[in-house]
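>>> with the input below, show me the fold.
(one chain, ligands or ions: 1)
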Amino acid sequence: MLKIVLLGAPGSGKGTQSAKLVERYGVPQVSTGDLLRHAVAERTELGLKAKAAMDAGELVSDDIVVGMMRERLTQPDAENGFILDGFPRSASQAEALDEMLTELNRPLQAVVHLKVDNEEIVGRLMARGRSDDNEETIRNRLGVFEDQTAPLVAHYQAQGLLKQVHGQGDVEEIFARIEAALADVS
Ligand code: ADP
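Numbering: from 1, shown residues only. The predicted model follows:
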């Protein structure tokens with residue numbers, strides 16, 4: 001049973017580390033970015049609504065994202081835990097998550113903040129080359145992260161849930177830091 005949030009800027013390695021956590025702890029990764037990209041690829045109504053915001057590097061509206069999370073977290077495989085990747089990304093999403101998890105009687109155990117320098121982030125995203133990884137969109141996403149998502153660090157610190165992890169170095173080394181940070185919750 002592991003119920004955590006991975007918090008970090010775009011390109012901080014949340015997806016990479018989530019995949020390793022899935023293997024290690026046997027709980028699903030729940031990535032709003034992946035769910036949204038899937039919806040866009042399938043051309044669902046939700047995907048069509050989300051696409052413009054994603055292309056611009058803005059946040060997709062809460063009603064879409066929160067609804068999607070509610071649906072995903074009530075699937076049977078999330079009963080034993082989950083690794084949230086890319087959600088919550090704003091104070092209102094954090095509040096919605098809190099309500100959902102209280103309702104489901106599945107409170108969060110920890111929030112891991114993957115900390116990476118801005119310079120390294122830009123380099124990683126430019127190298128990755130996803131369709132929303134062009135310079136202007138990257139700049140926008142970093143701005144949105146600073147304005148809307150970074151305040152969640154203090155929010156979860158105040159709740160006593162925050163684990164700060166240095167997100168630079170090699171993938172295995174960073175994973176070992178995350179495991180160490182989670183030693184007392186898993
Ligand atoms: P990254 O972490 O590299 O920014 P993601 O895959 O997490 O990549 O997100 C890609 C895009 O999907 C975001 O720029 C945003 O438009 C949308 N998105 C993902 N998660 C959320 C969320 N929780 N709330 C609103 N929009 C989101």
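
>>> give me the element Lys163 is part of.
Per DSSP states H and E, Lys163 falls inside strand 162-166.

>>> check whether the helix or strand in which Leu125 is found contacts the ligand.
Assigned by DSSP H and E, Leu125 belongs to helix 118-128. No - in terms of C-beta under 6 Å from any ligand atom, no part of helix 118-128 sits within range of the ligand; the closest distance is 6.9 Å. Every C-beta, even on glycine, is put in place using the N, C-alpha and C of the backbone.

>>> got the buried residues for that helix?
Across helix 118-128, burial judged by 16 or more other C-beta atoms under 10 Å covers 121-122, 124-125.

>>> tell me what the next helix or strand after it is packed against?
Using DSSP H and E, the helix or strand that directly follows helix 118-128 along the chain is helix 135-144. Contacting helix 135-144 under the criterion 3 or more C-beta pairs under 8 Å, 6 or more residues apart in numbering; DSSP states H and E are the following elements: helix 45-56, helix 118-128.

>>> check which helices and strands the first one is in contact with.
Secondary-structure packing of helix 45-56 (3+ C-beta pairs under 8 Å, 6+ apart): helix 32-41, helix 62-73, helix 135-144.

>>> ok, and what's touching that helix?
The list of residues contacting helix 45-56 from outside it, by C-beta atoms under 8 Å, 6 or more residues apart in numbering, reads 36-41, 59-61, 64, 68, 131-132, 137, 140.

>>> also near the ligand: which of those residues, exactly?
With C-beta under 6 Å from any ligand atom as the criterion, the contacts of helix 45-56 include 36, 59-60 near the ligand.

>>> weakest of the helices and strands packed on helix 135-144 in terms of mean pLDDT?
Mean pLDDT is lowest for helix 118-128 out of the helices and strands packed on helix 135-144, coming in at a mean of 92.

>>> get me the contact residues on the protein for the ligand.
Residues of the chain lying near the ligand (C-beta under 6 Å from any ligand atom): 10-11, 32-33, 36, 53-54, 57-60, 65, 86-87, 89, 93, 141.

>>> pull out the buried residues from these.
Buried members of the residues of the chain next to the ligand, scored by 16+ other C-beta under 10 Å, are 10-11, 32-33, 36, 54, 57, 59-60, 65, 86-87, 89, 93, 141.

>>> so which of those comes closest to the ligand?
Within those, proximity to the ligand (C-beta to the nearest ligand atom) peaks at Gly33, which comes in at 1.8 Å.

>>> that closest one and Asp85 touch, don't they?
Yes - taking C-beta atoms under 8 Å as the definition, Gly33 is a contact partner of Asp85 at 7.4 Å.
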